[in-house]
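> can you look at this prediction? I've put the sequence above it.
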Amino acid sequence: MVRRQTQGLLFFAILLIFLAGCSSKTMVESDLHIKGAPDWVNEGTQMLKDKNGRLFHGVGSATPMGDESLQKSTADDRARAELARILNSYLTVASNDYSTSASSGGEVVHEQSVTREIENLSRVNLTGSKIIGRWRDKKSGDIYSIAELDMKHMKQTLELAEQMSPSLRAFLNQESDSIFDRLAGDKP
């Protein structure tokens with residue numbers, strides 16, 4: 001009886017975490033409206049699906065610092081930090097989906113192990129990110145950078161992750177696109 005109640009509470013807690021993850025849109029609606037800026041500056045950090053695939057975009061900026069190289073580097077670092085934030089949100093939802101799926105199938109899931117594997121995957125994937133553009137606002141002197149991570153790269157990383165449990169790897173290979181589409185709002 002106690003075990004059944006504990007399982008019920010665990011399932012309820014996982015469900016609440018999952019719903020919280022789904023309720024928060026990862027895509028950011030921008031209110032910058034900077035005239036003459038590229039669309040990506042005004043759209044901000046987001047997940048998007050377009051002709052190039054499923055992409056994670058992180059946008060960062062830096063105000064003038066007297067050293068243009070340092071300013072660019074700061075904007076790049078902030079773009080990568082935004083990319084890490086959005087990737088972490090995605091992977092949190094993916095791990096919650098996995099935990100729910102595995103436990104409903106009768107499989108015992110060790111939450112700490114899954115969390116550790118997801119954190120490692122996040123770190124490894126960020127090494128595959130790249131700065132794909134910069135823009136300077138002539139009026140303010142601010143520099144904006146955009147970092148990108150392609151879902152294809154993330155899947156390739158999955159294949160190379162030696163310490164990942166086979167069931168988590170299989171789940172992510174099978175469900176990663178549908179989780180992405182759900183979080184990105186399935187916008188073409």
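Done, it's in.
> distance of Val93 relative to Lys72?
Val93 is 32 Å from Lys72, where distance means C-beta to C-beta, to the nearest Å. C-beta coordinates here come from the backbone N, C-alpha and C atoms, glycine included.
> compare those two (neighbour count), which wins?
Val93 (21 against 17; other C-beta atoms under 10 Å).
> host element of that one?
helix 68-104 (DSSP states H and E).
> what helices and strands are in contact with that helix?
In terms of contacts (3 or more C-beta pairs under 8 Å, 6 or more residues apart in numbering; DSSP states H and E), helix 68-104 is packed against helix 2-23, strand 46-50, strand 53-62, helix 111-126, strand 130-136, strand 143-150, helix 166-184.
> name the residues of it that come out as buried.
Within helix 68-104, the residues scored as buried using 16 or more other C-beta atoms under 10 Å are 71-72, 74-76, 78-80, 82-84, 86-87, 89-100, 102.
> ok, stretch 159-176 next?
Buried residues in stretch 159-176, counted by 16+ other C-beta under 10 Å: Ala161, Met164, Ser165, Leu168, Phe171, Leu172, Ser176.
> tell me which of those residues is nearest to Arg134?
Ser176 (29.2 Å; C-beta to C-beta).
> relative to Asp77, how far out is that closest one?
27 Å.
> least reliable of the helices and strands packed on helix 68-104 by average pLDDT, please.
For the helices and strands packed on helix 68-104, mean pLDDT drops lowest on helix 2-23, to a mean of 39.
> buried stuff in the helix or strand just after that one?
Per DSSP H and E, the first helix or strand lying C-terminal to helix 2-23 is helix 39-43. By 16+ other C-beta under 10 Å, the buried positions in helix 39-43 come out as Trp40, Val41, Glu43.
> what's the angle from the helix or strand where Thr157 lies to strand 130-136?
Using DSSP H and E, Thr157 maps to helix 151-160. Orientation check (axes from the mean of the first three to the mean of the last three C-alpha atoms, to 10 degrees): helix 151-160 against strand 130-136 gives 150 degrees.
> which elements pack onto helix 151-160?
strand 53-62, helix 111-126, helix 166-184.
> could you redo the last one with a cut-off of 10 Å?
In terms of contacts (3 or more C-beta pairs under 10 Å, 6 or more residues apart in numbering; DSSP states H and E), helix 151-160 is packed against strand 53-62, helix 68-104, helix 111-126, helix 166-184.
> CA atoms only: put that helix into CSV for me.
Extracted C-alpha coordinates of helix 151-160, given in CSV (Å, rounded to 0.1, in the frame of the first residue of the first chain):
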residue,chain,number,x,y,z
MET,A,151,19.6,19.2,-34.1
LYS,A,152,21.5,17.0,-36.5
HIS,A,153,24.7,17.7,-34.6
MET,A,154,22.9,16.8,-31.3
LYS,A,155,21.9,13.5,-32.7
GLN,A,156,25.5,12.8,-33.9
THR,A,157,26.6,13.6,-30.4
LEU,A,158,24.1,11.0,-29.0
GLU,A,159,25.8,8.3,-31.2
LEU,A,160,29.2,9.1,-29.7
